[in-house]
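Chemist: Could you work out the structure for the sequence below:
(one chain, ligands or ions: 1)
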Amino acid sequence: HPMNIDDAGHKHGLDTAQYRNSARSADIILADYLQRWLDAGYQVLVTADHGMNNDRSHNGLLPEEREVPLFVIGDAFSLNVDAAPRQTDLCGTVCELLGIPHDKPICRELLN
Ligand SMILES: [Zn+2]
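Modeler: Coordinates of the predicted model:
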């Protein structure tokens, strides 16, 4: 099976065919499932816990290490372009979606 995105980044670095193709593979897999998940009433959130740079470093302060995509798909999300969720808001925001009691920060603007 295809190498996952994280492994590809760690083994090959940011600006490589392996990293890009790994992301493409994940995109193809998501495309196969996404509509079914939405039809079944799921809320879908796609993100990453870190990025990567060309030196295969991923725990520093550079934008390519720290700034990751966030896709939110589903009717619980506001799609408010002014929402500015932080990585540290996501745990609490997912708990809100799942109705799980928590004491974490959330990004209220991300949700309806
Ligand atoms: Zn990693």
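Chemist: After the lowest-mean-pLDDT helix or strand in the chain, which helix or strand is next?
Modeler: Scoring the helices and strands of the chain by mean pLDDT, DSSP states H and E places helix 63-66 at the bottom, with a mean of 88. Using DSSP states H and E, the helix or strand that directly follows helix 63-66 along the chain is strand 70-73.
Chemist: Touching stretch 9-21 from outside, list them.
Modeler: Under the criterion C-beta atoms under 8 Å, 6 or more residues apart in numbering, residues 2-3, 5, 8, 22, 51-56, 58, 64 lie in contact with stretch 9-21. All C-beta spots, glycine's among them, are computed from the backbone N, C-alpha and C.
Chemist: Now list the buried members of those.
Modeler: Among the contacts of stretch 9-21, those scoring as buried are 3, 5, 8, 22, 51-53, 58, 64 (criterion: 16 or more other C-beta atoms under 10 Å).
Chemist: got TSV for those, with distance to residue 85 too?
Modeler: Output for those, formatted as TSV (distance: C-beta to C-beta, whole Å):
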residue	distance to residue 85
3	28
5	20
8	25
22	24
51	16
52	21
53	23
58	20
64	19
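Chemist: Which of those fall within helices?
Modeler: Taking DSSP state H, the ones among the buried ones among the contacts of stretch 9-21 that sit in helices are 5, 8, 22, 64.
Chemist: so what's the closest residue to the second one other than its chain neighbours up against?
Modeler: To tie it back to what came earlier, the one meant is residue 8. Closest residue to residue 8 apart from its sequence neighbours, by C-beta to C-beta, 6 or more residues apart in numbering: residue 22 at 3.7 Å. Residue 22 is in contact with 2-5, 7-9, counting by C-beta under 8 Å, 6+ apart.
Chemist: tell me the least confident of the residues you listed?
Modeler: Within the set of the contacts of residue 22, pLDDT is lowest for residue 2 (59).
Chemist: Show me which of the contacts of residue 22 is closest to residue 28.
Modeler: Minimum distance to residue 28 across the contacts of residue 22 is 9.2 Å, recorded for residue 2 (C-beta to C-beta).
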